[in-house]
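[1] from the sequence below, what's the structure:
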Amino acid sequence: MFDIRNGFGMTDMLVTDAARGAALAKVLAGNAAVLMRGHGATVVGPSLPYAVGRSVYLSFNARVQAQAMALGGPVAYLDPAEAKAYLTRGESRGYERPWESWRKQALGR
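    Numbers count the residues shown, from 1 in each chain. Just a heads-up that it's a prediction; the model follows:
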């Protein structure tokens with residue numbers, strides 16, 4: 001979680017200079033995404049299709065998780081080894097196929 005108030009006090013929550021960008025990058029570190037308090041999320045990737053794909057699935061998975069939590073009962077999160085295995089095998093397949101669909105949607109075609 002990136003809370004811009006931690007280093008910059010009360011602001012407009014925008015990352016508008018190098019110091020704020022560096023603070024965000026430090027919290028993001030080697031992760032694919034970081035939630036920003038009151039301001040959505042920042043998502044990165046090695047290419048535009050990856051960044052878009054991660055954004056799409058971050059939103060989708062957050063909705064599914066919120067719905068599952070609303071049902072009650074325990075939530076069985078991935079453990080670090082499962083997450084690492086996915087990143088090593090699953091995501092490495094990329095987002096080439098859905099990328100074309102997302103691109104066409106964005107262009108209105």
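[2] what's the helix or strand for Ala22?
    helix 18-28 (DSSP states H and E).
[3] the residue minimising distance to the centre of the chain pairs with what?
    Geometric centre of the chain, nearest residue: Ala33, 3.3 Å, by Cα atoms, centre = their mean. Counting by DSSP bridges, Ala33 forms beta bridges with Val43.
[4] from what I see, it and Tyr50 are in contact.
    No. The criterion here is Cβ atoms under 8 Å, and Ala33 misses it with Tyr50 at 11.3 Å. C-beta: built from backbone N, CA, C; applies to glycine.
[5] for the top helix by length along the chain, buried residues please.
    In the chain, assigned by DSSP state H, the helix with the most residues is helix 48-70. Buried positions in helix 48-70, judged by neighbour count with 16 or more other Cβ atoms under 10 Å: 49-55, 57.
[6] low-confidence ranges in this structure?
    Flagging of the chain using pLDDT under 70 yields the residue ranges 90, 92-93.
[7] let me know how buried the residue lying closest to Val34 once chain neighbours are set aside is, in neighbour terms.
    Residue nearest to Val34 in three dimensions, not counting chain neighbours: Leu28, with 4.6 Å by Cβ to Cβ, 6 or more residues apart in numbering. Leu28 has 16 neighbouring residues, counting by other Cβ atoms under 10 Å.
[8] cool, Leu14 as well?
    Neighbour number of Leu14 under other Cβ under 10 Å is 9.
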